[in-house]
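Asks: Requesting a structural model of the entry that follows:
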Amino acid sequence: MNEAAISIRDLSKRYSTGKQALDGVSFDVERGSIFGLLGPNGAGKSTIINILAGMVQKTSGQASIWGFDIDVNPRNAKASIGIVPQEIMFDPFFTPFETLELFAGLYGVPKDKRHSMELLKAVRLEDKADAYARTLSGGMKRRLLVAKAMVHSPPVIVLDEPTAGVDIELRQQLWEYVVELNKQGATVVLTTHYLEEAEQLCDRIAIINHGKLIANKPTKELVGMAREKAVVLTLDRDVAEAPKHDAFEKTELVADRTVEITYNKDRMNAGEVLAAVQGLGFGIVDVTTKEADLEDVFLSLTSGSAE
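Replies: Below is the predicted model:
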């Protein structure tokens with residue numbers, strides 16, 4: 001059996017201020033997967049990434065990258081991971097090409113093994129190879145960060161909120177590149193606030209809140225945890241207000257004849273909702289079900305209303 005791409009056991013971090021940023025976190029990231037690390041601001045996601053990057057010292061626990069323990073083999077562990085940070089950091093007077101060459105040198109990549117222009121092409125910056133970094137737009141700088149993390153061809157790529165503050169088109173381009181990287185064999189870990197994208201991209205998702213791991217499941221299974229479901233009903237006549245019933249969690253009048261009814265799937269099913277509406281004297285012309293999404297689960301878990 002292959003070793004995990006990243007293995008974390010009982011990882012804890014307590015700062016000198018007394019703040020417990022991580023409290024006994026354990027999880028594995030399977031090789032070749034796209035793994036989502038989600039949680040509210042301040043939950044501990046960036047602390048985990050900074051520990052893996054060697055920028056923050058853990059208080060206790062173990063972490064390994066591609067089989068290399070970060071304490072026992074720090075050099076090999078660092079060589080196995082490329083991190084795309086949230087903050088955009090470049091020397092404004094270096095060109096993108098020079099930036100990639102410089103970082104490849106810092107990682108000890110021989111000149112004949114560097115692939116700076118290929119990386120710039122992959123992130124659609126080849127036409128800016130010789131422009132000063134300070135002249136690049138925010139989105140271009142973000143793409144350059146991704147290329148910078150790849151200079152030493154690491155098997156694991158970590159993207160920390162990679163699409164924060166970028167436009168929809170660029171976000172889509174970045175995600176396409178992430179999928180392409182994964183197809184080429186890279187293991188990808190991403191933290192994001194865009195839940196629908198995590199749902200779309202990730203094979204597995206871990207959710208962290210207040211420094212503790214509160215969920216770690218395949219994405220489909222996690223979405224299936226949402227207890228609330230909804231049906232949108234078109235009724236046989238105009239109504240002034242949505243039908244009310246004790247068994248419904250929430251009802252909303254969407255249009256003159258259209259109502260959205262939210263119900264708890266542990267207590268009733270869609271058929272029982274329809275029967276309840278008909279029992280109130282309404283005819284039903286059309287039915288659409290709304291599937292729960294990751295946002296429902298995320299809010300449910302992080303608000304403490306679910307296990």
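Asks: what helix or strand is A104 on?
Replies: Assigning secondary structure by DSSP states H and E places A104 in helix 96-106.
Asks: Going C-terminal from that helix, what's the next secondary structure element?
Replies: Next in sequence after helix 96-106, counting helices and strands by DSSP H and E, comes helix 116-122.
Asks: Helices along the stretch 101-250 of the chain, start to end?
Replies: Using DSSP state H, counting those that start in this stretch, the helices assigned to the stretch 101-250 of the chain run over residues 116-122, 138-149, 168-183, 195-201, 219-223.
Asks: Run through who's touching the fourth one.
Replies: Residues outside helix 195-201 that contact it (CB atoms under 8 Å, 6 or more residues apart in numbering): 34, 36, 38, 163, 171, 175, 178-179, 190, 192, 205, 219, 223, 293-295, 298. Just so you know, the C-beta spots here come from the backbone N, C-alpha and C atoms, and that holds for glycine as well.
Asks: run the last query once more with 6 Å
Replies: Helix 195-201 has contacts (CB atoms under 6 Å, 6 or more residues apart in numbering) with I34, G36, T192, L294, E295, F298.
Asks: What residues sit buried inside it?
Replies: Applying a neighbour-count criterion of 16 or more other CB atoms under 10 Å, one finds L195, E197, A198, E199, L201 buried in helix 195-201.
Asks: distance of the first one from V223?
Replies: Shown here: L195 relative to V223, a distance of 10 Å by CB to CB, to the nearest Å.
Asks: again with the fourth one
Replies: To V223, E199 is 7 Å away according to CB to CB.
Asks: measure stretch 143-163 end to end?
Replies: Counting by CA to CA, to the nearest Å, you get 10 Å between the two ends of stretch 143-163.
Asks: Actually, stretch 29-37.
Replies: Across stretch 29-37, first to last residue, CA to CA, it's 10 Å.
Asks: In that stretch, which residues are buried?
Replies: Neighbour-count burial for stretch 29-37, counted by 16+ other CB under 10 Å, picks out V29, R31, S33, I34, F35, G36, L37.
Asks: Kindly report the same for stretch 202-219.
Replies: Buried residues in stretch 202-219, counted by 16+ other CB under 10 Å: 202-211, 213-216, 219.
Asks: Let's see that stretch as PDB, backbone CA atoms only.
Replies: What follows is stretch 202-219, C-alpha atoms only, in PDB (Å, rounded to 0.1, in the frame of the first residue of the first chain):
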ATOM      1  CA  CYS A 202     -12.200  17.700  -4.300                       C
ATOM      2  CA  ASP A 203     -12.300  13.900  -3.900                       C
ATOM      3  CA  ARG A 204     -12.200  14.300  -0.100                       C
ATOM      4  CA  ILE A 205     -12.800  17.200   2.300                       C
ATOM      5  CA  ALA A 206     -11.600  17.800   5.900                       C
ATOM      6  CA  ILE A 207     -13.400  20.600   7.900                       C
ATOM      7  CA  ILE A 208     -11.500  22.300  10.700                       C
ATOM      8  CA  ASN A 209     -13.100  24.500  13.300                       C
ATOM      9  CA  HIS A 210     -11.500  26.100  16.400                       C
ATOM     10  CA  GLY A 211      -8.300  24.000  15.800                       C
ATOM     11  CA  LYS A 212     -10.100  20.700  15.800                       C
ATOM     12  CA  LEU A 213     -11.000  18.300  12.900                       C
ATOM     13  CA  ILE A 214     -14.800  18.000  12.800                       C
ATOM     14  CA  ALA A 215     -15.200  16.100   9.500                       C
ATOM     15  CA  ASN A 216     -13.000  14.200   7.100                       C
ATOM     16  CA  LYS A 217     -15.000  12.300   4.400                       C
ATOM     17  CA  PRO A 218     -15.300  11.700   0.700                       C
ATOM     18  CA  THR A 219     -17.000  14.800  -0.800                       C
END
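Asks: who touches that stretch?
Replies: Stretch 202-219 is contacted from outside by 20-23, 25, 27, 33-39, 43-45, 222, 301-302, using CB under 6 Å, 6+ apart.
Asks: repeat that for 7 Å
Replies: Here stretch 202-219 makes contact (CB atoms under 7 Å, 6 or more residues apart in numbering) with 20-23, 25-27, 33-40, 43-45, 198-199, 222, 298, 301-302.
Asks: Are any of those buried, and if so which?
Replies: Buried members of the contacts of stretch 202-219, scored by 16+ other CB under 10 Å, are 21-23, 25, 27, 33-40, 43-45, 198-199, 222, 298, 301-302.
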